[in-house]
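Student: Following is a predicted model, sequence given first.
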Amino acid sequence: MLGERIRKLRKQKKMTLETLAGDALTKGMLSLIENNKANPSMESLAYIAQRLGVDVTDLLEEISSQELREVLEKAEKLFNQDLEEVNDQYKQLIALIEPYASRLANGYESARLLDIYSRSLYYEKKDGWKGLLDKAVQIYDQMNLTSRRASLGVFRSAVEFFAHDYAESLNIHVNERRKIETTHAYIDPMTRLSLDYHEAALHFAVGDTESATRVMNEAINFSKENRIFYLIDDLYRLAAGYAMMSKNTEKKAYYTQKLKQYEKFADDMNSKWFCELINIDSLISDEHDYAKAIEWIDAILENNQKPEGYQPYFFLEKGRALYELGHFSEALQCLEKINIPSYIHHPFDLSIFYIADSYTALCHLEQKDLKAAIHFSEVAVKNFELLPDTSYKDFCYATYQKVKMLKQAEE
């Protein structure tokens, strides 16, 4: 209520009743106002607001702009922390914003709080997040906050992407982009690149490589022409990943070199480990130098700068190399260490991990354990079933056919 808001602001400003009352009000009258036992005139309200250093509207609104700004500041700090740094991040955000959620109406603070609140509800698997997200979208559109609006469009698409419904994810992304481009007269370069990157990745996810490469190349060329390097490393990784999937050694080498240049420029460890992974893949797939690949992997895994997010990839590559060298027991030990990270959803990454089951089947086959070979080859086929065609998927099916033929021969 009005009196409580005045009292709260007065205490935040460390003002006494006497100080706030000044010459225009008595201490007793101000006390009555703060206890909602008297209603101030508009003249008195304007005087109180001026003394507190706020607008009259801040006193009349149920939630003042200052209060919302303070809540948003806390929410942003919590929301932008790494998940590893804070326990129950989204639960804390829900507890912080929930008391205000039903009263959030207009303005940037309201939209951003609704934005963060809806995402937090989604991640905590709670109902109601869609309606709140729609409210945030509406305010962002009204205020012409294009980058924020686009971010929510990408998030809507990502929800289906996380569920591995890639076709629906792409459909949502394209429709969201159309709405944004229709409603917003100007799309800033970074927002355009974000939309391009996610669209290219989704086209790859559904197997539409022609559309994917077109959008991806347009984004890369746009970055170069405008000297904007936002997401350029992600675009290069996407391009290099596709080259690796399609066995295009020339493109793989080209984009790996681009990533190396970026890594040196930005001192980016993510690009460094990706380049290492691509180079090791080349040693195994193209040069067949398995011993050198293992030596390289061991050096990386023993390095003080651990490639935390990339460790499962390196375990896979080592397992592949060990299999090719005929060290089947060691290969199995390595392949058993692979746990697919929970944040992995794109078919390119999933394909890389899913062939671990094919190599496991081949190792068991070499060890004359046909039952285990059949099991793991079938697991691989099932995993690859809904993924787009790649050389990795071809390898999986070829392995399955090999195991199946040996089973039939044994029968």
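Tutor: Ah, there it is.
Student: contacts, neighbours, all on C-alpha from now
Tutor: Fine.
Student: how far away is residue 205 from residue 149?
Tutor: The gap separating residue 205 from residue 149 is 24 Å, by CA to CA, to the nearest Å.
Student: swap in residue 199?
Tutor: As judged by CA to CA, residue 199 and residue 149 stand 16 Å apart.
Student: What of residue 38?
Tutor: 44 Å.
Student: Between those two, tell me which one has more neighbours.
Tutor: Between residue 38 and residue 149, residue 149 has the larger neighbour count (other CA atoms under 10 Å), namely 25 against 13.
Student: Now do that one against residue 192, distance only.
Tutor: Separation of residue 149 from residue 192 (CA to CA): 12 Å.
Student: Next secondary structure after the lowest-mean-pLDDT helix or strand in the chain?
Tutor: Using mean pLDDT, DSSP states H and E, the weakest-scoring helix or strand in the chain turns out to be helix 56-60, at a mean of 74. Scanning forward in sequence from helix 56-60 by DSSP states H and E, the next helix or strand is helix 65-79.
Student: next one: that following helix to chain centre, how far?
Tutor: The chain centroid and the centroid of helix 65-79 are separated by 22 Å, computed with CA atoms, centre = their mean, to the nearest Å.
Student: next one: stretch 168-182
Tutor: What separates the centre of stretch 168-182 from the centre of its chain is 18 Å, taken as CA atoms, centre = their mean.
Student: Looking at that stretch now, give me its mean pLDDT.
Tutor: Stretch 168-182 comes out with an average pLDDT of 97.
Student: which stretches of the stretch 301-411 of the chain have low pLDDT?
Tutor: Along the stretch 301-411 of the chain, the model assigns pLDDT under 70 to residues 304, 411.
Student: Could you rerun that using 90?
Tutor: 301-309, 406-411 (pLDDT under 90).
Student: next one: the stretch 51-200 of the chain
Tutor: 53-69, 81-87, 99-106, 185.
Student: Can you show me the helices along it?
Tutor: Under the criterion DSSP state H, counting those that start in this stretch, the stretch 51-200 of the chain contains helices at 56-60, 65-79, 89-101, 108-123, 129-142, 146-162, 166-183, 189-205.
Student: Make CSV out of those helices and add distance to residue 352.
Tutor: Formatted as CSV, these follow (distance: least, CA to CA, whole Å):
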stretch, distance to residue 352
helix 56-60, 56
helix 65-79, 31
helix 89-101, 31
helix 108-123, 26
helix 129-142, 33
helix 146-162, 17
helix 166-183, 18
helix 189-205, 14
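Student: And those helices: which comes nearest residue 270?
Tutor: helix 189-205 (17.3 Å; CA to CA).
Student: Buried residues in the following helix or strand past the closest one, which are they?
Tutor: Of the helices and strands lying after helix 189-205 in sequence (DSSP H and E), the nearest is helix 209-226. Using 16 or more other CA atoms under 10 Å as the test for burial, helix 209-226 gives 209, 212-213, 215-220, 222-223.
Student: quick one: which of those is nearest residue 45?
Tutor: residue 223 (53.4 Å).
Student: how close does that closest one sit to residue 301?
Tutor: When distance is defined by CA to CA, residue 223 is 34 Å away from residue 301.
Student: can you redo the buried residues of helix 209-226 as CSV with pLDDT and distance to residue 324?
Tutor: Shown next, in CSV, are the buried residues of helix 209-226 (pLDDT from 0 to 100; distance: CA to CA, whole Å):
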residue, pLDDT, distance to residue 324
209, 95, 30
212, 97, 33
213, 96, 33
215, 97, 37
216, 96, 35
217, 96, 36
218, 97, 39
219, 97, 39
220, 95, 37
222, 96, 42
223, 95, 41
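Student: Export stretch 325-336 to CSV, keeping only CA atoms.
Tutor: What follows is stretch 325-336, C-alpha atoms only, in CSV (Å, rounded to 0.1, in the frame of the first residue of the first chain):
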residue,chain,number,x,y,z
LEU,A,325,45.6,-51.0,-33.6
GLY,A,326,44.0,-54.2,-32.5
HIS,A,327,44.1,-53.4,-28.8
PHE,A,328,40.4,-54.4,-28.2
SER,A,329,40.4,-54.7,-24.4
GLU,A,330,42.0,-51.3,-24.0
ALA,A,331,39.6,-49.8,-26.6
LEU,A,332,36.6,-51.1,-24.6
GLN,A,333,38.0,-49.6,-21.4
CYS,A,334,38.3,-46.3,-23.1
LEU,A,335,34.9,-46.4,-24.7
GLU,A,336,33.3,-47.3,-21.4
